[in-house]
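Undergrad: Structure, please.
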Amino acid sequence: IIDINDNTPQFQLEELEFKMNEITTPGTRISLPFGQDLDVGVNSLQSYQLSSNPHFSLDVQQGADGPQHPEMVLRSPLDREEEAVHHLILTASDGGDPVRSGTLRIYIQVVDANDNPPAFTQAQYHMNVPENVPLGTRLLMVNATDPDEGSNGKVTYSFHNVDHRVAQIFHLDSYTGEISNKEPLDFEEYKIYSMEVQAQDGAGLMTRAKVLIKVLDVNDNAPEVTITSVTTAVPENFPPGTIIALISVHDQDSGDNGYTTCFIPGNLPFKLEKLVDNYYRLVTERTLDRELISGYNITVTATDQGTPALSTETHISLLVTDINDNSPVFHQDSYSAYIPENNPRGAAIFSVRAHDSDSNENAQIAYSLIEDTIQGAPLSAYVSINSDTGVLYALRSFDYEQFRDLQLKVMAQDSGDPPLSSNV
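TA: Numbering: from 1, shown residues only. You can find the predicted model right below:
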């Protein structure tokens, strides 16, 4: 009986599935099922062919007993992250005319190896945050991905070698990468927080990224006013430009929030002169007059340029001390009095009164008679005056036929240095 090519090569299986680790070494051989063809001679199975694939090739070994044994050879490394499953077709062909062939579908699942560390989406993360953000605010989120699968691709986050103060202020969610604040931020304490975040997969591979959080200033500090030198009392005759106080102003905020101006009310005989930086001096603008105003309570106001503006007030108490710059002044330009003749000796006949606008000893008045002679006798033989009260006394009994009138001058003198006086 002569054979004709009436049988197609066949595999016992229609498809073959197996797994290969992605770190399998190139050159590894995998035996494949061989086909069968019931025909004989040239009509029997003659060759195998593997579909084109960049990683696998076919090597057919000739068995000692005659049949061919197909082997699949790994030619280049596998990468599950690039291609997780490979689909190949092994074709067995006979030598008949026409050629008959059978196929075997091969599915290769690449098993993951932890060959990829996590990778952050950014090498550095930057965030600007106002210092008055509420507690628990999500400030930013870091994100790292790992193309491995399973636990090899599960990423957790943690701080790496951060300052203890940073660890106190910020919270990092180990699963989401969310960074929030668990304590208030303070621009005046830290303007920039620098930290390093570590991402680690389930098998221990890790990577790090830098996080910079810049704290933006909020106008939460009022200016601070410091009186570095102050005079509590000043004589009224000191010249304009006399220094009353040295003042410094400081605001811990920045920019307009920390830019300060300083001023006093405009209705005072003082002015503020700006020195270097935020230093001022309070000086007299004109000569003071204790008799008009004996003391001042000067309000110094410092305000910043924030929105809304914050301000601070401080008060300087200044006493104007007296200078003997006022003479005693009699209540009248002249005095007239009438006394009956034959008056008793020692009788009070009249009194004068003067006033001095100064204070203390500068306003203490002593009265005296200006020496004169009357009918050849000194005035003091006729009248006397109480130096404290200004009361005049008759030292003798007057006779109308001898004296029709008596004219005299009284001097009022204060106790200043030098003393000032006036006459009436």
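
Undergrad: residues contacting Leu408?
TA: By C-beta atoms under 8 Å, 6 or more residues apart in numbering, Leu408 lies in contact with Leu369, Ile370, Asp372, Leu379, Val383. (Glycine included, C-beta is placed from N, CA and C.)

Undergrad: That one should be in a strand, yeah?
TA: No. Judged by DSSP: H, G, I helix; E, B strand; the rest coil, Leu408 forms no part of a strand; its state is coil.

Undergrad: measure it to Ala354 for me?
TA: Distance, Leu408 to Ala354, using C-beta to C-beta, to the nearest Å: 15 Å.

Undergrad: try Thr301
TA: 44 Å.

Undergrad: Looking at these two, which is more packed in?
TA: Between Thr301 and Ala354, counting by other C-beta atoms under 10 Å, Ala354 is the more crowded of the two (22 against 15).

Undergrad: in this protein, what secondary structure element scores lowest on mean pLDDT?
TA: strand 373-374 (a mean of 86; mean pLDDT, DSSP states H and E).

Undergrad: Which helix or strand lies directly C-terminal to that strand?
TA: Downstream of strand 373-374, the next assigned helix or strand under DSSP states H and E is strand 377-378.

Undergrad: Sheet partners, orientation included, of whatever helix or strand comes next after that following strand?
TA: Next helix or strand after strand 377-378 toward the C-terminus (DSSP H and E): strand 383-385. Counting by DSSP bridges, the strands paired with strand 383-385 are strand 391-394 (antiparallel).

Undergrad: Alpha carbons of stretch 163-176, in PDB - could you do that?
TA: These are the backbone C-alpha positions of stretch 163-176, laid out as PDB (Å, rounded to 0.1, in the frame of the first residue of the first chain):
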ATOM      1  CA  ASP A 163      14.600  67.800  61.600                       C
ATOM      2  CA  HIS A 164      12.700  66.900  64.800                       C
ATOM      3  CA  ARG A 165      10.800  70.200  64.500                       C
ATOM      4  CA  VAL A 166       9.700  69.300  61.000                       C
ATOM      5  CA  ALA A 167       8.500  65.900  62.300                       C
ATOM      6  CA  GLN A 168       6.500  67.700  65.000                       C
ATOM      7  CA  ILE A 169       4.800  70.100  62.600                       C
ATOM      8  CA  PHE A 170       4.100  67.900  59.600                       C
ATOM      9  CA  HIS A 171       2.300  64.600  59.100                       C
ATOM     10  CA  LEU A 172       3.000  62.300  56.200                       C
ATOM     11  CA  ASP A 173       0.300  59.700  55.300                       C
ATOM     12  CA  SER A 174       2.300  56.600  54.700                       C
ATOM     13  CA  TYR A 175      -0.200  55.200  52.100                       C
ATOM     14  CA  THR A 176      -1.300  58.300  50.200                       C
END
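
Undergrad: Use 395 as the first number from now on
TA: Sure thing, new numbering starts at 395, so read that last one as stretch 557-570.

Undergrad: in it, what counts as buried?
TA: By 16 or more other C-beta atoms under 10 Å, the buried positions in stretch 557-570 come out as Val560, Ile563, Phe564, His565, Leu566.

Undergrad: again with stretch 515-525
TA: For stretch 515-525, by 16+ other C-beta under 10 Å, it's Tyr519, Val523, Glu525.

Undergrad: And that stretch, how far out from the chain middle?
TA: Put simply, stretch 515-525 sits 17 Å off its chain's centre (C-alpha atoms, centre = their mean, to the nearest Å).

Undergrad: Where does pLDDT dip in the chain?
TA: Filtered on pLDDT under 70, the chain yields the residue ranges 458-460.

Undergrad: what about the helices in the chain?
TA: 558-563 (DSSP state H).

Undergrad: Kindly state the domain boundaries assigned to it.
TA: Domain ranges of the chain: 409-505, 513-610, 618-715, 723-817, per automatic domain parsing.

Undergrad: quick revisit: can you tell me the strand partners of the least confident helix or strand of the chain and which way each runs?
TA: Paired neighbours of strand 767-768 in the sheet (DSSP bridges): strand 771-772 (antiparallel).

Undergrad: what's next to the partner strand, contact-wise?
TA: Against strand 771-772 from outside (C-beta under 8 Å, 6+ apart): Glu765, Asp766.

Undergrad: Centre of the chain to it, how far?
TA: Strand 771-772 sits 89 Å away from the centroid of its parent chain (C-alpha atoms, centre = their mean).

Undergrad: Also stretch 503-511?
TA: Relative to the centre of its chain, stretch 503-511 is centred 48 Å away, using C-alpha atoms, centre = their mean.

Undergrad: try stretch 472-486
TA: The answer for stretch 472-486 is 59 Å, by C-alpha atoms, centre = their mean.

Undergrad: Can I get it in PDB, CA atoms only?
TA: Only the C-alpha atoms of stretch 472-486 are listed here, as PDB (Å, rounded to 0.1, in the frame of the first residue of the first chain):
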ATOM      1  CA  LEU A 472      12.100  39.400  29.800                       C
ATOM      2  CA  ASP A 473      10.500  42.400  31.300                       C
ATOM      3  CA  ARG A 474       7.100  42.000  32.800                       C
ATOM      4  CA  GLU A 475       6.500  45.700  33.100                       C
ATOM      5  CA  GLU A 476       7.000  46.000  29.300                       C
ATOM      6  CA  GLU A 477       5.100  42.900  28.300                       C
ATOM      7  CA  ALA A 478       3.400  40.600  30.800                       C
ATOM      8  CA  VAL A 479       2.200  37.900  28.400                       C
ATOM      9  CA  HIS A 480       3.700  36.500  25.300                       C
ATOM     10  CA  HIS A 481       1.600  34.800  22.600                       C
ATOM     11  CA  LEU A 482       3.400  32.400  20.300                       C
ATOM     12  CA  ILE A 483       2.400  29.800  17.800                       C
ATOM     13  CA  LEU A 484       4.400  26.600  17.100                       C
ATOM     14  CA  THR A 485       3.600  25.200  13.700                       C
ATOM     15  CA  ALA A 486       4.400  21.500  12.700                       C
END
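
Undergrad: Give me the buried stretch members for it, please.
TA: Taking 16+ other C-beta under 10 Å as the criterion, stretch 472-486 shows Leu472, Asp473, Arg474, Glu475, His480, Leu482, Leu484, Thr485, Ala486 as buried.
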